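Participant: Let me see the structure of the following:
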Amino acid sequence: MAFQRLQSDSVSVALDLRVGHLRDLELHHAGRILSPLFTAPWVDTPGASDLPVEQYLSGDFFCAPFAASDIDPAPLHGWSANSSWTPTEEKDQSEAEFTLDRHILGATLVKTLRCSPNAPLLYQRHSFVGGSGSLPVAHHVITHMQNGGRVCHSPKQFAATPAEPTEPGLNHLTCPEESANLQTFPSRTGTADLGRFPLADRHEDFVSLIEQPGSKLGWTAVLRKAEGDILFVLKDPATLPATMHWYAHGANMRPPWNGHHGVFGIEDGCSGIHSGHRASIRANGLSLRGISTALDLDPSDTVSVAHVIGAIGRPPDWDRVEDISVVEDALVVTGSNSPSVSLPFDADFFGERTTI
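Facilitator: Numbering: from 1, shown residues only. Prediction:
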(Lines give C-alpha, C1' and ligand atoms only; values in the text may rest on other atoms or scores of the structure.)
Protein backbone atom coordinates (compact mmCIF):
# COMPACT_ATOMS: atom_id res chain seq x y z
CA MET A 1 0.00 0.00 0.00
CA ALA A 2 1.68 3.22 -1.18
CA PHE A 3 -0.67 5.62 0.63
CA GLN A 4 -2.50 5.88 3.92
CA ARG A 5 -5.39 8.35 4.16
CA LEU A 6 -6.55 10.19 7.27
CA GLN A 7 -9.71 12.26 7.47
CA SER A 8 -12.09 14.16 9.67
CA ASP A 9 -15.13 16.32 8.93
CA SER A 10 -12.76 19.23 8.15
CA VAL A 11 -9.59 17.65 6.71
CA SER A 12 -8.55 14.85 4.38
CA VAL A 13 -4.94 13.93 3.57
CA ALA A 14 -2.90 10.99 2.31
CA LEU A 15 0.67 10.12 3.24
CA ASP A 16 2.90 8.66 0.53
CA LEU A 17 4.53 5.87 2.51
CA ARG A 18 7.32 5.52 -0.06
CA VAL A 19 8.85 8.89 0.89
CA GLY A 20 6.77 10.51 3.64
CA HIS A 21 5.27 13.26 1.46
CA LEU A 22 1.75 14.57 1.99
CA ARG A 23 -0.60 14.11 -0.95
CA ASP A 24 -4.12 15.35 -1.79
CA LEU A 25 -4.64 17.61 1.22
CA GLU A 26 -8.23 18.90 1.27
CA LEU A 27 -9.38 21.48 3.82
CA HIS A 28 -13.05 22.38 4.29
CA HIS A 29 -13.91 25.99 5.03
CA ALA A 30 -17.12 28.01 4.62
CA GLY A 31 -18.66 25.53 2.19
CA ARG A 32 -15.54 25.21 0.03
CA ILE A 33 -13.03 22.38 -0.35
CA LEU A 34 -9.56 23.91 -0.60
CA SER A 35 -6.59 22.06 -2.11
CA PRO A 36 -3.66 24.43 -1.55
CA LEU A 37 -0.67 22.10 -1.88
CA PHE A 38 1.32 21.22 -4.99
CA THR A 39 1.91 17.76 -6.43
CA ALA A 40 4.44 17.51 -9.26
CA PRO A 41 2.82 16.48 -12.56
CA TRP A 42 5.48 13.79 -13.11
CA VAL A 43 4.94 11.80 -9.86
CA ASP A 44 3.26 8.92 -11.71
CA THR A 45 5.82 8.85 -14.53
CA PRO A 46 8.39 6.13 -13.69
CA GLY A 47 11.99 7.27 -13.95
CA ALA A 48 11.20 11.00 -14.08
CA SER A 49 14.01 11.62 -11.56
CA ASP A 50 16.74 9.61 -9.87
CA LEU A 51 16.02 11.40 -6.58
CA PRO A 52 13.00 9.97 -4.69
CA VAL A 53 12.34 13.39 -3.12
CA GLU A 54 11.94 14.83 -6.62
CA GLN A 55 10.29 11.81 -8.27
CA TYR A 56 7.43 11.87 -5.71
CA LEU A 57 7.53 15.61 -4.97
CA SER A 58 4.31 16.58 -3.25
CA GLY A 59 2.57 18.61 -0.58
CA ASP A 60 4.89 18.75 2.39
CA PHE A 61 7.73 16.61 3.68
CA PHE A 62 10.20 16.76 6.54
CA CYS A 63 13.87 17.34 5.77
CA ALA A 64 16.46 15.81 8.12
CA PRO A 65 18.96 17.11 7.31
CA PHE A 66 17.77 20.09 5.29
CA ALA A 67 19.65 20.46 1.95
CA ALA A 68 22.84 18.43 1.42
CA SER A 69 23.42 15.29 3.50
CA ASP A 70 27.19 15.64 3.60
CA ILE A 71 27.90 13.98 6.97
CA ASP A 72 25.60 10.95 7.17
CA PRO A 73 25.26 10.03 3.46
CA ALA A 74 21.72 10.32 2.08
CA PRO A 75 19.94 11.98 -0.87
CA LEU A 76 19.08 15.70 -0.85
CA HIS A 77 16.96 16.57 2.24
CA GLY A 78 17.80 13.28 3.95
CA TRP A 79 16.17 9.86 4.27
CA SER A 80 13.13 11.44 5.93
CA ALA A 81 12.13 12.78 2.49
CA ASN A 82 13.51 9.92 0.38
CA SER A 83 12.81 6.65 2.20
CA SER A 84 9.84 4.57 3.30
CA TRP A 85 7.67 5.04 6.40
CA THR A 86 5.73 2.37 8.27
CA PRO A 87 2.38 3.00 10.00
CA THR A 88 2.91 2.25 13.70
CA GLU A 89 -0.24 3.50 15.42
CA GLU A 90 -3.66 4.60 14.18
CA LYS A 91 -5.49 6.28 17.05
CA ASP A 92 -8.61 6.77 14.92
CA GLN A 93 -9.45 7.65 11.33
CA SER A 94 -8.17 11.20 11.82
CA GLU A 95 -4.85 10.62 13.64
CA ALA A 96 -1.95 8.23 13.13
CA GLU A 97 1.76 7.74 13.73
CA PHE A 98 4.39 6.58 11.26
CA THR A 99 8.03 5.60 11.73
CA LEU A 100 10.83 6.18 9.23
CA ASP A 101 12.35 2.86 8.14
CA ARG A 102 15.89 4.25 8.54
CA HIS A 103 17.66 5.83 11.47
CA ILE A 104 19.04 9.38 11.34
CA LEU A 105 22.16 9.93 13.46
CA GLY A 106 21.02 6.90 15.43
CA ALA A 107 17.58 8.36 16.13
CA THR A 108 14.18 6.84 15.38
CA LEU A 109 12.02 9.44 13.61
CA VAL A 110 8.26 9.35 14.30
CA LYS A 111 5.73 11.36 12.26
CA THR A 112 2.35 12.16 13.81
CA LEU A 113 -0.49 13.53 11.68
CA ARG A 114 -3.75 14.79 13.16
CA CYS A 115 -6.71 16.18 11.21
CA SER A 116 -8.65 18.80 13.15
CA PRO A 117 -12.26 17.70 13.69
CA ASN A 118 -13.72 21.19 13.38
CA ALA A 119 -11.28 23.47 11.53
CA PRO A 120 -9.30 23.42 8.25
CA LEU A 121 -6.05 22.55 10.04
CA LEU A 122 -3.57 19.67 9.78
CA TYR A 123 -1.36 19.24 12.86
CA GLN A 124 2.02 17.58 12.39
CA ARG A 125 4.75 16.53 14.80
CA HIS A 126 8.11 14.93 14.03
CA SER A 127 9.89 13.37 17.00
CA PHE A 128 13.51 12.19 17.14
CA VAL A 129 13.71 9.42 19.72
CA GLY A 130 17.28 9.10 20.92
CA GLY A 131 20.17 9.67 18.55
CA SER A 132 23.27 11.79 18.97
CA GLY A 133 24.61 14.86 17.20
CA SER A 134 23.30 18.06 15.64
CA LEU A 135 21.01 18.18 12.65
CA PRO A 136 19.53 20.96 10.47
CA VAL A 137 15.84 20.31 9.79
CA ALA A 138 12.91 21.87 7.95
CA HIS A 139 9.34 21.33 6.87
CA HIS A 140 8.98 21.69 3.09
CA VAL A 141 5.48 22.92 2.23
CA ILE A 142 4.89 23.46 -1.50
CA THR A 143 2.06 25.36 -3.12
CA HIS A 144 1.24 26.41 -6.68
CA MET A 145 -0.11 29.68 -8.00
CA GLN A 146 -1.68 29.76 -11.43
CA ASN A 147 -1.53 33.54 -11.59
CA GLY A 148 0.69 34.63 -8.71
CA GLY A 149 -0.19 35.98 -5.30
CA ARG A 150 0.92 37.78 -2.17
CA VAL A 151 3.04 36.36 0.65
CA CYS A 152 2.71 37.71 4.21
CA HIS A 153 4.68 36.84 7.36
CA SER A 154 5.07 37.23 11.07
CA PRO A 155 7.70 39.95 11.73
CA LYS A 156 11.22 39.07 10.55
CA GLN A 157 14.66 40.40 11.49
CA PHE A 158 16.07 40.17 7.97
CA ALA A 159 16.22 38.09 4.81
CA ALA A 160 19.38 36.57 3.30
CA THR A 161 20.31 34.64 0.18
CA PRO A 162 22.95 31.85 0.07
CA ALA A 163 26.58 32.36 -0.88
CA GLU A 164 25.80 30.90 -4.31
CA PRO A 165 22.47 30.57 -6.13
CA THR A 166 20.82 27.15 -5.81
CA GLU A 167 20.46 27.20 -9.62
CA PRO A 168 23.34 29.41 -10.90
CA GLY A 169 22.31 31.86 -13.59
CA LEU A 170 18.59 31.38 -13.02
CA ASN A 171 18.33 33.56 -9.92
CA HIS A 172 16.67 36.96 -9.76
CA LEU A 173 17.74 37.78 -6.19
CA THR A 174 21.36 38.83 -5.60
CA CYS A 175 23.63 36.22 -3.95
CA PRO A 176 24.95 36.60 -1.34
CA GLU A 177 22.92 39.48 0.03
CA GLU A 178 20.99 40.51 3.13
CA SER A 179 18.30 43.07 3.88
CA ALA A 180 16.08 44.01 6.82
CA ASN A 181 13.56 45.43 4.33
CA LEU A 182 11.67 42.56 2.71
CA GLN A 183 10.04 44.91 0.18
CA THR A 184 13.36 46.08 -1.29
CA PHE A 185 15.62 43.03 -1.43
CA PRO A 186 18.56 43.47 -3.88
CA SER A 187 17.94 41.86 -7.26
CA ARG A 188 19.12 41.79 -10.87
CA THR A 189 16.76 44.65 -11.72
CA GLY A 190 17.40 46.73 -8.60
CA THR A 191 15.13 45.46 -5.82
CA ALA A 192 12.40 42.86 -5.37
CA ASP A 193 9.43 42.66 -3.01
CA LEU A 194 9.60 39.30 -1.20
CA GLY A 195 5.90 39.67 -0.46
CA ARG A 196 5.00 38.97 -4.07
CA PHE A 197 5.07 35.87 -6.24
CA PRO A 198 6.56 35.68 -8.80
CA LEU A 199 9.49 38.06 -8.48
CA ALA A 200 10.24 38.10 -12.22
CA ASP A 201 8.98 36.64 -15.50
CA ARG A 202 11.21 33.57 -15.08
CA HIS A 203 13.43 32.79 -12.11
CA GLU A 204 14.64 30.18 -9.60
CA ASP A 205 15.49 31.59 -6.18
CA PHE A 206 16.04 30.74 -2.53
CA VAL A 207 15.99 33.15 0.41
CA SER A 208 15.92 32.71 4.21
CA LEU A 209 13.81 34.95 6.46
CA ILE A 210 14.78 35.06 10.14
CA GLU A 211 12.17 35.44 12.87
CA GLN A 212 12.22 38.36 15.29
CA PRO A 213 13.63 37.51 18.76
CA GLY A 214 10.94 36.68 21.29
CA SER A 215 8.30 35.84 18.70
CA LYS A 216 5.64 33.50 20.14
CA LEU A 217 4.13 32.25 16.88
CA GLY A 218 5.77 32.18 13.47
CA TRP A 219 3.49 32.21 10.44
CA THR A 220 3.42 32.56 6.68
CA ALA A 221 0.25 33.23 4.66
CA VAL A 222 -0.02 32.95 0.88
CA LEU A 223 -2.96 34.71 -0.76
CA ARG A 224 -3.34 32.86 -4.05
CA LYS A 225 -4.86 35.18 -6.62
CA ALA A 226 -6.53 32.84 -9.13
CA GLU A 227 -7.41 30.19 -6.55
CA GLY A 228 -9.13 32.66 -4.22
CA ASP A 229 -7.81 31.13 -1.01
CA ILE A 230 -5.21 31.67 1.71
CA LEU A 231 -2.74 28.94 2.58
CA PHE A 232 -1.01 29.45 5.93
CA VAL A 233 1.57 27.57 7.99
CA LEU A 234 2.36 27.92 11.68
CA LYS A 235 5.53 27.12 13.63
CA ASP A 236 7.25 27.57 16.98
CA PRO A 237 9.98 30.16 16.26
CA ALA A 238 12.10 28.91 19.17
CA THR A 239 12.48 25.56 17.36
CA LEU A 240 12.33 26.76 13.74
CA PRO A 241 13.76 30.31 13.60
CA ALA A 242 13.99 30.47 9.79
CA THR A 243 11.35 30.53 7.07
CA MET A 244 12.91 29.77 3.70
CA HIS A 245 11.29 30.62 0.38
CA TRP A 246 11.90 28.63 -2.77
CA TYR A 247 10.68 30.12 -6.06
CA ALA A 248 10.44 27.80 -9.09
CA HIS A 249 8.95 29.88 -11.86
CA GLY A 250 9.69 28.74 -15.39
CA ALA A 251 13.49 29.11 -15.38
CA ASN A 252 14.62 25.56 -14.62
CA MET A 253 14.59 23.62 -17.89
CA ARG A 254 16.23 20.42 -16.69
CA PRO A 255 14.03 17.32 -16.52
CA PRO A 256 11.63 16.74 -14.90
CA TRP A 257 11.01 20.48 -14.34
CA ASN A 258 11.05 21.41 -18.02
CA GLY A 259 10.16 25.04 -17.32
CA HIS A 260 7.36 24.29 -14.84
CA HIS A 261 6.16 27.54 -13.28
CA GLY A 262 4.17 28.87 -10.34
CA VAL A 263 5.75 26.66 -7.64
CA PHE A 264 6.46 28.25 -4.26
CA GLY A 265 8.02 26.56 -1.24
CA ILE A 266 7.53 27.59 2.40
CA GLU A 267 10.32 25.84 4.28
CA ASP A 268 10.15 26.43 8.03
CA GLY A 269 13.43 25.29 9.48
CA CYS A 270 16.43 25.37 11.75
CA SER A 271 19.29 25.45 9.27
CA GLY A 272 22.05 27.41 7.62
CA ILE A 273 21.14 29.21 4.41
CA HIS A 274 20.83 26.14 2.12
CA SER A 275 24.37 25.22 3.12
CA GLY A 276 23.87 21.56 4.06
CA HIS A 277 24.47 19.49 7.17
CA ARG A 278 28.18 20.12 7.72
CA ALA A 279 28.02 23.90 7.31
CA SER A 280 24.88 24.19 9.44
CA ILE A 281 26.46 22.57 12.51
CA ARG A 282 29.65 24.64 12.25
CA ALA A 283 29.96 28.29 13.20
CA ASN A 284 28.25 30.20 10.37
CA GLY A 285 26.80 33.60 9.54
CA LEU A 286 23.57 32.87 11.40
CA SER A 287 24.86 30.94 14.41
CA LEU A 288 27.47 33.63 15.13
CA ARG A 289 24.53 36.02 15.59
CA GLY A 290 22.82 33.72 18.09
CA ILE A 291 20.41 32.15 15.57
CA SER A 292 20.16 28.38 15.89
CA THR A 293 20.95 26.44 12.69
CA ALA A 294 20.63 22.84 13.96
CA LEU A 295 18.70 20.74 16.47
CA ASP A 296 20.68 18.88 19.13
CA LEU A 297 19.54 15.28 19.47
CA ASP A 298 19.47 13.66 22.92
CA PRO A 299 20.36 9.96 23.29
CA SER A 300 18.16 9.69 26.40
CA ASP A 301 15.22 11.85 25.37
CA THR A 302 12.89 12.88 22.52
CA VAL A 303 13.29 16.08 20.50
CA SER A 304 10.15 17.20 18.66
CA VAL A 305 9.21 19.64 15.90
CA ALA A 306 5.59 20.84 15.68
CA HIS A 307 3.97 22.41 12.61
CA VAL A 308 0.47 23.26 11.33
CA ILE A 309 -0.88 23.68 7.79
CA GLY A 310 -4.22 25.41 7.22
CA ALA A 311 -6.27 27.26 4.62
CA ILE A 312 -9.34 29.46 4.39
CA GLY A 313 -11.28 30.98 1.54
CA ARG A 314 -10.00 34.47 0.80
CA PRO A 315 -12.42 37.21 1.83
CA PRO A 316 -13.01 39.28 -1.33
CA ASP A 317 -11.77 42.55 0.15
CA TRP A 318 -8.52 41.19 1.67
CA ASP A 319 -5.31 42.07 -0.15
CA ARG A 320 -3.05 40.83 2.63
CA VAL A 321 -2.96 39.02 5.98
CA GLU A 322 -1.97 41.38 8.76
CA ASP A 323 -1.68 38.91 11.62
CA ILE A 324 -2.28 35.35 12.79
CA SER A 325 -2.54 34.84 16.54
CA VAL A 326 -3.85 32.45 19.15
CA VAL A 327 -6.51 33.87 21.47
CA GLU A 328 -7.60 31.37 24.12
CA ASP A 329 -8.70 28.31 22.08
CA ALA A 330 -9.03 30.08 18.73
CA LEU A 331 -6.71 30.86 15.85
CA VAL A 332 -7.50 34.37 14.64
CA VAL A 333 -6.55 35.35 11.08
CA THR A 334 -6.70 39.09 10.55
CA GLY A 335 -6.76 40.62 7.08
CA SER A 336 -6.55 44.08 5.59
CA ASN A 337 -10.34 44.56 5.63
CA SER A 338 -13.59 43.05 6.99
CA PRO A 339 -13.84 41.00 10.21
CA SER A 340 -11.15 38.54 11.24
CA VAL A 341 -11.61 34.80 10.65
CA SER A 342 -11.60 32.71 13.84
CA LEU A 343 -10.96 28.93 13.86
CA PRO A 344 -11.02 26.42 16.75
CA PHE A 345 -7.39 25.67 17.65
CA ASP A 346 -5.37 23.45 19.99
CA ALA A 347 -3.59 26.25 21.86
CA ASP A 348 -1.29 23.80 23.66
CA PHE A 349 0.02 22.15 20.48
CA PHE A 350 3.37 23.95 20.43
CA GLY A 351 4.20 22.82 23.97
CA GLU A 352 2.71 25.65 25.95
CA ARG A 353 -0.01 28.14 25.20
CA THR A 354 1.01 30.48 22.40
CA THR A 355 -1.66 33.05 23.27
CA ILE A 356 -0.57 36.52 22.19
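Participant: shaky segments in the protein?
Facilitator: Along the chain, the model assigns pLDDT under 70 to residues 352-356.
Participant: Would you map the helices across it?
Facilitator: Taking DSSP state H, the helices of the chain run over residues 52-55, 276-281.
Participant: which other helices and strands contact the shortest one?
Facilitator: Pointing back at helix 52-55 there. Helices and strands touching helix 52-55, as assessed by 3 or more CB pairs under 8 Å, 6 or more residues apart in numbering; DSSP states H and E, are absent. (Glycine included, C-beta is placed from N, CA and C.)
Participant: now the helices of the chain in JSON lines, with mean neighbour count and distance to Ala138?
Facilitator: JSON lines is the format used below for the helices of the chain (neighbours: other CB atoms under 10 Å; distance: least, CB to CB, whole Å):
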{"stretch": "helix 52-55", "mean neighbour count": "22", "distance to Ala138": "12"}
{"stretch": "helix 276-281", "mean neighbour count": "21", "distance to Ala138": "10"}
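Participant: can you count the residues close to the nearest residue to Phe158 once chain neighbours are set aside?
Facilitator: Nearest-residue entry for Phe158: Ala180, 4.6 Å, with adjacent residues in sequence omitted and distances by CB to CB, 6 or more residues apart in numbering. Residues near Ala180, counting by other CB atoms under 10 Å, number 11.
Participant: In this structure Ala180 contacts Leu194, no?
Facilitator: No: when contacts are counted by CB atoms under 8 Å, Ala180 is not listed as touching Leu194 (11.6 Å).
Participant: Find the residues that touch each one of these two.
Facilitator: Ala159 (CB atoms under 8 Å, 6 or more residues apart in numbering).
Participant: Is it possible to get a markdown table of the helices of the chain that adds distance to Val263?
Facilitator: Converted to a markdown table, the helices of the chain look like this (distance: least, CB to CB, whole Å):
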| stretch | distance to Val263 |
| --- | --- |
| helix 52-55 | 12 |
| helix 276-281 | 22 |
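Participant: can you give me the strands for the stretch 1-150 of the chain?
Facilitator: 3-7, 11-16, 21-29, 32-34, 62-63, 85-92, 95-100, 108-115, 121-129, 133-135, 137-139, 141-144, 149-153 (DSSP state E, counting those that start in this stretch).
Participant: how about the strands in the stretch 201-350 of the chain?
Facilitator: 203-211, 218-224, 229-235, 242-249, 263-270, 295-297, 302-313, 321-327, 330-335, 341-344.
Participant: To Asp92, which of those lies closest?
Facilitator: strand 341-344 (17.7 Å; CB to CB).
Participant: From Gln124, how far off is the spatially closest residue to Glu89 that is not a sequence neighbour?
Facilitator: Using CB to CB, 6+ apart and skipping the chain neighbours, the partner closest in space to Glu89 is Glu97 (4.2 Å). Here Glu97 is placed at a distance of 11 Å from Gln124 (CB to CB, to the nearest Å).
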